[in-house]
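**Q** fold the following.
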Amino acid sequence: MRIFLLLFLLFPLAELALLIKVGSSIGVLPTILLLIISGMAGILLMRLAGFATAWRARERLARGELPEREMLQGLMMALAGGLLFLPGFLSDVVALLVLFPPTRKLFLGFVGRRVEAQAQRRRAFADDLRQQQEHRDGPQRPNVIEGEWERRDK
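**A** Sure, this is the predicted structure:
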C-alpha cells in the first residue's frame, strides 16, 4: 500500500521533470504535438482493444472455455491506452512496455502467479476456518428436511 502512495506522489513529479527536460530540448510546440498524438493513439488503442477483447472472449465462450487470459490481455491493453492518454512521456514509455508482446507476456505470467498464490492463501484460510468451526461445533450434518410426498399424475 505504501508503494502506491509513493508512486502517486512521485509519478507526477517525474512526469513533470521529464516534460520540462524534453520541452527544453526539442521545443514547446513539438512537445505539445507529441503529447496530443500520444493521447489520440491512446484513445484509438482503448477502442480497438475493447472490440478485440470482446471478439476473442466471445470465441472462447462459444467453444465452452473461460476467457480469463483474453480478459486480462484486454485489461492490459486498456491500461496501456489509458497510460498513452495521460499527458507525459514516462507514462508513454510504460504503456509501450505493456504493449510490447514479450514484456506483456512476462507481466501476464507475473500477474497469473500472484493471483494463483492469493487464491491458495484464501483457500488455506477458508480450510482453517472450517476446521476450527468443526472442532468447536462438532462435525457438520447436512441440512435435511424430512417429510412425506406423493405423486399425483392426471
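**Q** contacts only, for residue 57.
**A** Applying C-beta atoms under 8 Å, 6 or more residues apart in numbering, we find residue 57 in contact with 67, 70, 71, 74. Every C-beta, even on glycine, is put in place using the N, C-alpha and C of the backbone.
**Q** restricted to helices, list these.
**A** 70, 71, 74 (DSSP state H).
**Q** drop anything exposed from those.
**A** For the ones in helices among the contacts of residue 57, a burial check counting by 16 or more other C-beta atoms under 10 Å picks out 70, 74.
**Q** let me have the ones in helices among the contacts of residue 57 in a markdown table, extended by pLDDT and distance to residue 116.
**A** Putting those into a markdown table (pLDDT from 0 to 100; distance: C-beta to C-beta, whole Å) gives the following:
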| residue | pLDDT | distance to residue 116 |
| --- | --- | --- |
| 70 | 80 | 18 |
| 71 | 81 | 16 |
| 74 | 82 | 20 |
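**Q** what is the nearest of the contacts of residue 57 to residue 9?
**A** The closest of the contacts of residue 57 to residue 9 turns out to be residue 74 (C-beta to C-beta; 29.7 Å).
**Q** check which helices and strands the strand or helix carrying residue 93 sits against.
**A** Here residue 93 sits within helix 89-99, counting by DSSP states H and E. When contacts are defined as 3 or more C-beta pairs under 8 Å, 6 or more residues apart in numbering; DSSP states H and E, helix 89-99 sits against helix 2-26, helix 28-62, helix 68-85, helix 101-137.
**Q** please tell me how far residue 16 sits from residue 10.
**A** Residue 16 sits 11 Å away from residue 10, going by C-beta to C-beta, to the nearest Å.
**Q** more neighbours, the two?
**A** Between residue 16 and residue 10, counted using other C-beta atoms under 10 Å, the more crowded position is residue 16 (13 against 10).
**Q** and the more buried one, what does it touch?
**A** residue 88.
**Q** now do residue 83
**A** Residue 83 neighbours (C-beta under 8 Å, 6+ apart): 42, 91, 92, 94, 95, 98.
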